[in-house]
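Chemist: Build the 3D model from these lines:
(3 chains)
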Amino acid sequence: MKTFLTTTALALGLATAAAAEGELKIYHWFEYIPQELLDKFAAEYDVKVTMDTFDSNEALLAALKAGKMGSYDVAVPGDYMVKIMGDEGMLDTFTPDEMPNLGNIQDQWMDVDFDPGRKSSIPYQWGSTSFSVNTEVYTGPLDSLGLIFDPPEELKGKINVLDTSGETLTLASLYAGIPQCTSDRTQLKALNDLVQAAKPYWASFGSDVAKDVLVSGDAAAGMIWSGFSAKARAEGAPIQYVFPKEGMIVWMDNVVLLKDAPNRDNALKFMNFLLEPENAAAVTNYAAYTSGVKGVEEFLLPEIANSPESNPPADVKGVFVQACPEEVQVMYDAIWTNLKK
Amino acid sequence: MAGAAPQGASRSEIYRGNGGRLMLPVWVFIGIFLVLPVLLMAIYSVLTKEFRGGVIWDFTLAAYDQFFLNRGLFGDEPPTVEWTYIGIFWRSIWQAGLATVFCLLIGFPTAWFIATRDPRSRSVWLFLITIPYWVNLLIRTVSMKFLIRDTGPLNEFLLWTGVISEPLSLINTNFAVQLGLFYSYLPFMVLPIYAAVERYDFSLSEAAADLYADSWTTLRLIILPVVKPGIVAGCILVFVPSLGAFLAPDLLGGAKTFMIGSLIEEQFKGAAGNWPFGAAAAMILLSIVMGVLLIHARAQTRGDG
Amino acid sequence: MATTDLRRFTGFRAITILCLVVLYAPLVIVAVYSFNDSTSITRWGGFSFKWYADVFTGPDAPKFRAAAINSFTIAIGAATCATAIATAAAVAMNRAGRFRGKTASLALINLPLMVPEIVTAVASLIFFITIGFKTGLMTIFIAHIVFCIPFAYLPISARMQSIPDMYEQAAMDLYATPWEAFRLVLLPLMVPGILSGFLLAFIISLDDFLITNFVKGAGVETLPTAIFGSVKQGIKPNIMAISTLLLGVSVVFVTLSWIIGRAGQSKQ
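Modeler: Model prediction:
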């Protein structure tokens, strides 16, 4: 049967080119890398680049688990997802001589706890997750996560939240002063009650729409990533990115070498390519976050380097999302399902 | 079905003895790539879930337990009925049912009207109603999303005419989902009813009129039984896809509340990563649909016999 | 007599027109706005073809071109296979008398119509994962053949029922083999039905989002999945232009099937 189908497909010119040399398959966040940079890599190394996109760390993991392992060469998970994928045995390792530009990584991002010594990953960009408010709609003080979780009259029913349990529940925990990955019943109950009470004031759940709803005016406030908010502002949204007094999420996205990568050599070339300051800066100029590579400064556009979103005040608290153990995670999953029922 | 093909033609035995052979490709394709997968899904629904996606080959009813029984947020309270998922299913059934009713209310008169035109203008009307049926569902849903957004053309128009002074919040509501389902599947209602009405012999109602039946009596006693199969077919064609719809709730409903489709999708593509639960929910959906179809089939055989 | 003419229910014309307005308004508005010169999708900035140019030459052009090629190749391939399978099945059901499993066969043909799309999608994904068949173009192609079969079967079988078998009888009386009778007599008579079946299967394959989204492999997009991915980030003018182009394709196809249907009727 399979032979028959393959023959049929061949006859129709359907069959994909076999895993030949000169290919690279990337699994990436949406709207996170400029096409010109991919074209530049493709031209420089004579490689055909294809890219699929996802909109949350969880979606990345789910897709890889559901039969996509062995299809992609590199992916771009956030910090805690690098840890999870490493624990799941989804990552391949490389040696320092396979990555000549490894020394370009800024020291503080070299020995990270989700990948000590950078054996499977390199830094891509880092930034924060908080929220932005349309200052034409709401003119009060912009300092608290309460604007999302206990919104003022002007914002009720005009709020978009990220459609991912990890970030949304972590921000809720920060607001409620609850530690992450808690197994304390009263705390979990309080977290559940908090998001349940806030939901009627939320208009929609969406990660990929987070920028568009603010630009189009469909939402007056929305959880969003720092650079995405900067892009929304650049596209004309009258918004301000808020650094809440309760704290915000800080994250780093990383390019990882996937296990069973069909084009491992090209994957390494690509990762090394991204560690060139000029190329790292090209990503930053496009996505408006901050690079983890040394020497990018001279290539950065001033409005990106000095954007208010990427330069938080010194006293704002930033936390990384933690990967919870299974018995705790199921409770967070239950809260999330309960929220969207 | 009423008014089937000419006798003899459909009962032809001219290629007798080749039936099994000719049917083989259907058995192979649908058997291997649909029946087998559904059976496999049934097995998955009684396997143990692997954390963050995947299954462990140990049999358990945990997925169904999670669906029907509530053991508290922490899983150790005495079990009571879990209304979360039943509620999601109920809401989906309700939405799909409402969509079916609205489609019928608009679709029946439309089909009737078209089928009773003279042949020339009938084909024009039919042509007009068929075009949207052939247009990509995703594109139709996206178009609807664009039309009804807060700053979209519909609100601009209504504001301009002065009918409203504040833009209507239509998008991301249950109403929007409803509108989307109605809009998506309306042609499915019109076409089968049209086919049934077109076959109706209007000399029958003329005969009824000669016997002094008023038009509503004729409609009820003579026409309805004839076009009923078309109505039932239309209702099923609207109800079944509405029940598992994904695009309308996702794009028009703001992904705010789970419907059956998004609940199942979330188990395989989202954060939940609970495959056995997704498979169990899919099995329950399949059972409901098969139940509806079975009732329909039995009613039909009784009607024929 | 005219007093009880059931062909003239008052109000039905108004409802029909309402029905058409509801069906067409969103499509027409998107088509109009696809010619908007402004970058803002809701403000009108004059007539322009720039978003059409953007579709073919803009930054997203390679992505959509690849998706379009995938979509059309899969639709042509799947519709061809489904039509062949459905034609064989129609002959078995209408021309081969009784055989074992005939009733079950009819149920099997219609099964893809009865199973909700999300269920088929999940079941297919689970199946391909379990047997270790790597998702890609091939998995989309197989899944599309399966759900296209009943759509191809409906018009083909209907057409075959309406053709009396006396022509084939005559041919066989003149010592034609069954295969010759089929190929030289029935098949030519069946052309309009087969074409309708093919067109319907083609458009159904082109339309599918949900199943494709579950079984597509790395780096493989079809038009609906590519459009969905793009729309999730907000409706942009280039999406309106693509939608309008696809709308045009649909209109061409309805017209085609219309002409074929007409030709079929006049031949009888």
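Chemist: Please verify my assumption that residue B:50 contacts residue B:57.
Modeler: No. With contact defined as Cβ atoms under 8 Å, residue B:50 does not reach residue B:57; the gap is 10.1 Å. C-beta: built from backbone N, CA, C; applies to glycine.
Chemist: more crowded one of those two?
Modeler: Each of residue B:50 and residue B:57 has its neighbours counted (other Cβ atoms under 10 Å in any protein chain shown); residue B:50 has more, 16 against 8.
Chemist: Leaving out sequence neighbours, find the closest residue to that one.
Modeler: Excluding the flanking residues, the one nearest residue B:50 by Cβ to Cβ, 6 or more residues apart in numbering or on different chains is residue B:56, at 5.3 Å.
Chemist: Tell me how many other residues crowd residue B:297.
Modeler: Neighbourhood size, residue B:297 [other Cβ under 10 Å]: 11.
Chemist: and the gap between it and residue B:236?
Modeler: Counting by Cβ to Cβ, to the nearest Å, the gap from residue B:297 to residue B:236 is 10 Å.
Chemist: that older thread, okay, buried residues for the host helix or strand of the residue nearest to residue B:50 please.
Modeler: With secondary structure defined by DSSP states H and E, residue B:56 is part of strand B:55-59. By neighbour count on 16 or more other Cβ atoms under 10 Å in any protein chain shown, the buried set for strand B:55-59 is residue B:55.
Chemist: same for it, what does it pack against?
Modeler: Here strand B:55-59 touches strand B:47-49, going by 3 or more Cβ pairs under 8 Å, 6 or more residues apart in numbering or on different chains; DSSP states H and E.
Chemist: Can you tell me the strand partners of the strand holding residue B:56 and which way each runs?
Modeler: Taking DSSP bridges as the criterion, strand B:55-59 forms sheet pairs with strand B:47-49 (antiparallel).
Chemist: Contact residues of chain B facing chain A?
Modeler: Applying Cβ under 8 Å from any Cβ of the partner chain, one finds that chain B approaches chain A through B:28, B:32, B:51-54, B:73-75, B:84-85, B:87-88, B:149-151, B:169, B:171-172, B:254-258, B:268-274.
Chemist: Would you list the buried entries among the residues you listed?
Modeler: So, by 16+ other Cβ under 10 Å, the buried ones in the residues of chain B next to chain A are B:52-54, B:73, B:84-85, B:88, B:149-150, B:169, B:171-172, B:254-258, B:268-274.
Chemist: next one: the helix or strand that contains residue B:184 to chain centre, how far?
Modeler: Assigned by DSSP H and E, residue B:184 falls within helix B:174-199. Distance of helix B:174-199 from the chain centroid (Cα atoms, centre = their mean, to the nearest Å) equals 10 Å.
Chemist: Return the alpha-carbon coordinates of the helix or strand following that helix using CSV.
Modeler: Past helix B:174-199, further along toward the C-terminus, the next helix or strand under DSSP H and E is helix B:203-210. The C-alpha trace of helix B:203-210 is given here as CSV (Å, rounded to 0.1, in the frame of the first residue of the first chain):
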residue,chain,number,x,y,z
SER,B,203,-50.5,19.1,-9.4
LEU,B,204,-50.9,17.4,-6.1
SER,B,205,-51.6,20.6,-4.3
GLU,B,206,-53.8,21.7,-7.1
ALA,B,207,-55.8,18.6,-6.5
ALA,B,208,-55.9,19.4,-2.8
ALA,B,209,-57.1,22.9,-3.6
ASP,B,210,-59.9,21.4,-5.8
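Chemist: Keeping just the C-alphas, turn the next helix or strand after helix B:203-210 into CSV.
Modeler: The helix or strand immediately downstream of helix B:203-210 is helix B:215-218, counting by DSSP H and E. This file holds the C-alpha atoms of helix B:215-218, laid out as CSV (Å, rounded to 0.1, in the frame of the first residue of the first chain):
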residue,chain,number,x,y,z
SER,B,215,-52.9,26.5,1.7
TRP,B,216,-51.7,25.7,5.2
THR,B,217,-53.5,22.4,5.3
THR,B,218,-51.9,21.5,2.0
